[in-house]
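**Student:** okay, predicted coordinates and the sequence, questions at the end:
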Amino acid sequence: MAGTFGGALEARGIKASEGHLIAEVHGEVEKDDGVLVIRRIHVTYHLKAEAEHAETVERVHGIHADKCPVYRTLSGCIDITTEVNRKV
C-alpha cells in the first residue's frame, strides 16, 4: 500500500522516496476456532511534505487504496484502515 501511495504522490511531484514517506503498520489478531487470524490492519503514513501539498496529499490518500493490489486482495477479509500524518 505504501508503494501505491508513494508512487501516486511522486506522480504529482511530491517526494515520497529517501525517507520522506514511512509506513507504520499495526495488525490485530483474534482466535477463530483456536487459530490466530488477522482481523484488522491499520497503516499510518508519516510524510514529510510542505503545507502547499496538503490538499493533494489528502486527495491521493483518499483514492490510493482502491488502486492498490494488496488492498484489493485483502480488504474483503481483513478490515484495513489508513491515515496520514504530514509534517514539514
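**Tutor:** Sure, I can see it. Fair warning: this is a prediction, and the values are worked out from it, not measured in the lab.

**Student:** which SSE is the closest residue to residue 74 other than its chain neighbours in?
**Tutor:** Nearest residue to residue 74, sequence neighbours excluded (CB to CB, 6 or more residues apart in numbering): residue 80, at 6.4 Å. Placement of C-beta: from N, CA and C, glycine included. Using DSSP states H and E, residue 80 sits in strand 79-87.

**Student:** and that strand, what does it pack onto?
**Tutor:** Judged by 3 or more CB pairs under 8 Å, 6 or more residues apart in numbering; DSSP states H and E, the packing partners of strand 79-87 are strand 35-48, helix 54-64.

**Student:** what's next to the very next helix or strand once past the shortest one, contact-wise?
**Tutor:** By that I understand helix 54-64. Beyond helix 54-64 on the C-terminal side, the first helix or strand identified by DSSP H and E is helix 69-74. Residues outside helix 69-74 that contact it (CB atoms under 8 Å, 6 or more residues apart in numbering) are 1, 4, 41, 65, 66, 80.

**Student:** and the second one, how far from residue 72?
**Tutor:** Taking CB to CB, to the nearest Å as the measure, residue 4 falls 10 Å from residue 72.

**Student:** between the two, point out the one with more neighbours.
**Tutor:** residue 4 (19 against 12; other CB atoms under 10 Å).

**Student:** endpoints of stretch 28-40, how far apart?
**Tutor:** 5 Å (CA to CA, to the nearest Å).

**Student:** got it, and stretch 27-36?
**Tutor:** Termini of stretch 27-36 sit 12 Å apart (CA to CA).

**Student:** list the contacts of that stretch.
**Tutor:** Here stretch 27-36 has contacts from 37, 38, 39, 40, 41, 42, using CB under 8 Å, 6+ apart.

**Student:** one more pass at 7 Å, please.
**Tutor:** With contact meaning CB atoms under 7 Å, 6 or more residues apart in numbering, stretch 27-36 is reached by 37, 38, 39, 40, 41.

**Student:** with that, I have no additional questions.
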